[in-house]
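> Sequence and predicted structure are below.
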Amino acid sequence: MTYPTDRPAVWFVTGTSRGLGRALVTHLLERGDHVAATTRSTDRLLTALGDVDTTNLLPLQVTLTDEADVTDAMAEATSRFGRIDVVVNNAGYGYLGAVEETSSTDVTQMLDVQVGGTWNVIRAVLPQMRAAQSGHVITVSSILGVLSFPGWGLYCAAKYAVEGLSESLAAEVAEFGIRVSIVEPGYFDTDFLTDNSLAVAGDVSDAYPAIREMISAHKQMPGTQPGDPKKAAAALVTIATTDTGPMRQQLGSDSSSLAEGKADSLKASILEGRELARSTDYVR
């Protein structure tokens, strides 16, 4: 295993007051694990957890884009629990809008949170995991880290970035006994598509009516998504406690089907372009 399983595991989870993060924290506390949970509002997190026993919870109000804040939070969690076994980079938010409509401020904010924040957490935890020669880093990406749809350009850019980061990281830390996993959820029944978690381009035009229709449809979707957050939380524990398995794990039947289709189309495209690709080598 990537960490001993004869004792409660210690988890450091980001983005925990809503969605999959909240479901995961609830599940971990109910199974007796120890959890350092970061959020922008500890009051909101504790309210969301309701009557869940929080004896083994360390709520941390953290700005993930602030490297010093993340480093301090990791130190506090380690001081409280003695170690970190599993990190789950879950924090993030959705964004809808055409590429042309996406402002430079929107781009910077998205990449700062989803890429920079993830990087800050990884940098903060790796020294102790290397010293322990064990640990598991899980980054929650999305099926939109595998394929793209119109209107999701900025969100996809961020998720493609963390997938590339995670793949490099996995190769770098394998010799230290540290596993890295990428989780690619589809649509889950959370508030991800509500105004609390979904940003929309502000300066829009009438050039992209299909995207306006897509955004309207997504705002009506909450409550109809096929994925069960409680089952996703249990699946994350399975991923964390298993030594083998794919580095990329889809969650949800929709995600699995879409990923399979993308793999098939990507292979077909590569084979179609193979002759031209090979023609660009030197002839020696």
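Happy to help now that I have it. Numbers count the residues shown, from 1 in each chain.

> only C-alpha atoms for contact and neighbour calcs from this point on.
Noted.

> pretty sure residue 226 contacts residue 187?
Yes: with contact defined as C-alpha atoms under 8 Å, residue 226 reaches residue 187; the gap is 6.4 Å.

> any residues in contact with both of those two?
residue 252 (C-alpha atoms under 8 Å, 6 or more residues apart in numbering).

> between these two, who's got more neighbours?
Between residue 226 and residue 187, counted using other C-alpha atoms under 10 Å, the more crowded position is residue 187 (22 against 13).

> Please enumerate the helices of the stretch 1-150 of the chain.
Ranges of helices in the stretch 1-150 of the chain, per DSSP state H, counting those that start in this stretch, are 19-30, 42-49, 67-81, 104-111, 117-132.

> Any chance of those in CSV with mean pLDDT, distance to residue 202 and mean neighbour count as columns?
Putting these into CSV (pLDDT from 0 to 100; distance: least, C-alpha to C-alpha, whole Å; neighbours: other C-alpha atoms under 10 Å) gives the following:
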stretch, mean pLDDT, distance to residue 202, mean neighbour count
helix 19-30, 96, 24, 22
helix 42-49, 94, 27, 16
helix 67-81, 98, 29, 18
helix 104-111, 97, 9, 15
helix 117-132, 98, 24, 18
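
> between these, which one is nearest to residue 193?
With C-alpha to C-alpha as the measure, helix 19-30 is the member of the helices of the stretch 1-150 of the chain nearest residue 193 (10.1 Å).

> quick one on the thing from earlier: can you redo the helices of the stretch 1-150 of the chain as CSV with distance to residue 258?
Formatted as CSV, the helices of the stretch 1-150 of the chain follow (distance: least, C-alpha to C-alpha, whole Å):
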stretch, distance to residue 258
helix 19-30, 20
helix 42-49, 32
helix 67-81, 34
helix 104-111, 24
helix 117-132, 25
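
> between these, which gets nearest to residue 206?
helix 104-111 (19.8 Å).

> how about the strands of this protein, start to end?
Along the chain, counting by DSSP state E, strands occupy 10-13, 34-39, 57-61, 86-89, 94-96, 135-140, 178-185, 198-200, 248-251.

> Take the ones you listed and lay them out in a markdown table including distance to residue 111, mean pLDDT and mean neighbour count.
Putting these into a markdown table (distance: least, C-alpha to C-alpha, whole Å; pLDDT from 0 to 100; neighbours: other C-alpha atoms under 10 Å) gives the following:
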| stretch | distance to residue 111 | mean pLDDT | mean neighbour count |
| --- | --- | --- | --- |
| strand 10-13 | 19 | 98 | 25 |
| strand 34-39 | 18 | 97 | 26 |
| strand 57-61 | 20 | 98 | 20 |
| strand 86-89 | 14 | 98 | 26 |
| strand 94-96 | 12 | 93 | 21 |
| strand 135-140 | 15 | 98 | 26 |
| strand 178-185 | 18 | 98 | 25 |
| strand 198-200 | 14 | 89 | 16 |
| strand 248-251 | 21 | 97 | 21 |
